[in-house]
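Enquirer: coords please:
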Amino acid sequence: MKRLGFQVSYFGDHFFGSQMQPDRRTVEGEFIAACRSLGLFDDWRGAGFAFAGRTDRGVHARRQVAAFTTDEPERAISALNLLLPADCWCTGWAPVPEMFHPRFDARQRTYRYFFPDPDPDMAAMQAVADVFVGTHDFSRFARVADRNPCRTILSSRMSAAGSCAVYEVTGESFLWNMVRCMATALAAAGKGEMTPEDVEEILSDPQGDRLGAAPAGGLILWDVDCEIRFEPVEADRRSNGYCSSLIREWRVRKKVVESLCRSGVDLGGEKPVDEELGNVI
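Expert: Residues are numbered from 1 along each chain as shown. A predicted model of the protein is given here:
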């Protein structure tokens with residue numbers, strides 16, 4: 001028997017989150033089904049199957065971490081991507097200690113949130129992002145339930161990526177909806193609707209109303225640092241094709257929307273497409 005760790009990527013659009021749910025398509029459900037089909041294990045509990053953390057419905061992952069114990073490690077490494085669905089694939093693998101648990105042994109996690117606003121006030125957003133660094137009570141930035149609301153943020157920064165503003169945050173751990181609620185505050189700051197002082201006041205008063213969560217589609221679980229060196233795993237051609245088809249589809253859809261909306265419609269700062277076509281060859 002050998003315990004393995006895998007880095008996992010997935011698009012969250014067509015999953016009801018990562019955590020297993022009865023009669024729902026989830027990332028864990030698909031992963032376990034693929035493992036069972038390959039004969040890697042029968043009982044996921046007995047195999048110690050676990051993910052590093054949960055992602056909500058619609059949230060994506062670049063480097064989620066999964067782990068399980070199997071007596072067919074070579075088969076797992078070579079064949080898992082053949083049975084996983086096209087919108088979920090492994091990118092790396094590593095042998096891990098027998099007691100390794102990706103949730104509890106992760107040193108830190110990094111998320112990125114992509115904002116669609118074409119021209120936000122980046123300086124104002126960074127000023128708010130700076131307030132999050134350190135240990136705070138995030139009761140009003142998350143769904144806490146009965147968990148400890150205090151979390152430690154190690155880094156918090158804004159950057160630009162093409163036509164999007166990107167927020168990258170690294171912390172030891174996060175609460176449910178925490179990054180999306182933080183993104184709500186940042187988006188408001190980018191529009192001049194929230195200041196660093198406002199955020200400091202919210203953090204210091206955990207009894208007030210919780211901020212709403214920003215849309216799930218802009219959030220990616222970017223990395224989980226378990227201090228493990230993963231060897232690369234080649235994605236199946238179905239996943240490669242799926243990614244390529246999404247890029248083509250979104251490129252065309254963007255042009256179609258711009259073309260339909262360019263006359264008499266406010267595009268919110270987006271640059272419309274040219275009305276004149278080039279020469280036909």
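Enquirer: What's the end-to-end length of stretch 169-186?
Expert: 12 Å (Cα to Cα, to the nearest Å).
Enquirer: For it, buried residues please.
Expert: Within stretch 169-186, the residues that qualify as buried are 169-171, 174-175, 177-186, counting by 16 or more other Cβ atoms under 10 Å. To be clear about C-beta, it is placed using only N, CA and C from the backbone, and glycine gets the same treatment.
Enquirer: How about stretch 49-57?
Expert: Buried-residue list, stretch 49-57, by 16+ other Cβ under 10 Å: 49, 50, 51, 52, 53, 54, 55, 56.
Enquirer: Next one: the fourth one from residue 108, what distance?
Expert: Counting by Cβ to Cβ, to the nearest Å, the gap between residue 52 and residue 108 amounts to 11 Å.
Enquirer: who's the residue nearest the centre of the chain bridged to?
Expert: With distances taken as Cα atoms, centre = their mean, the chain has residue 220 as the residue nearest its mean C-alpha position (2.1 Å). Here residue 220 sits in beta bridges with residue 60, residue 112, as judged by DSSP bridges.
Enquirer: average pLDDT for the helix or strand residue 243 falls within?
Expert: Assigned by DSSP states H and E, residue 243 falls within helix 237-261. The average pLDDT within helix 237-261 is 91.
Enquirer: In terms of secondary structure, what does it contact?
Expert: Contacts defined by 3 or more Cβ pairs under 8 Å, 6 or more residues apart in numbering; DSSP states H and E place helix 237-261 against no helix or strand at all.
Enquirer: Could you give me the buried positions within that helix?
Expert: 239, 242, 243, 258.
Enquirer: From those residues, pick the one nearest residue 194.
Expert: Nearest to residue 194 among these: residue 258, at 30.1 Å, using Cβ to Cβ.
Enquirer: rewinding a little: could I get the buried residues of helix 237-261 as TSV with distance to residue 212?
Expert: Shown next, in TSV, are these (distance: Cβ to Cβ, whole Å):
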residue	distance to residue 212
239	33
242	31
243	31
258	29
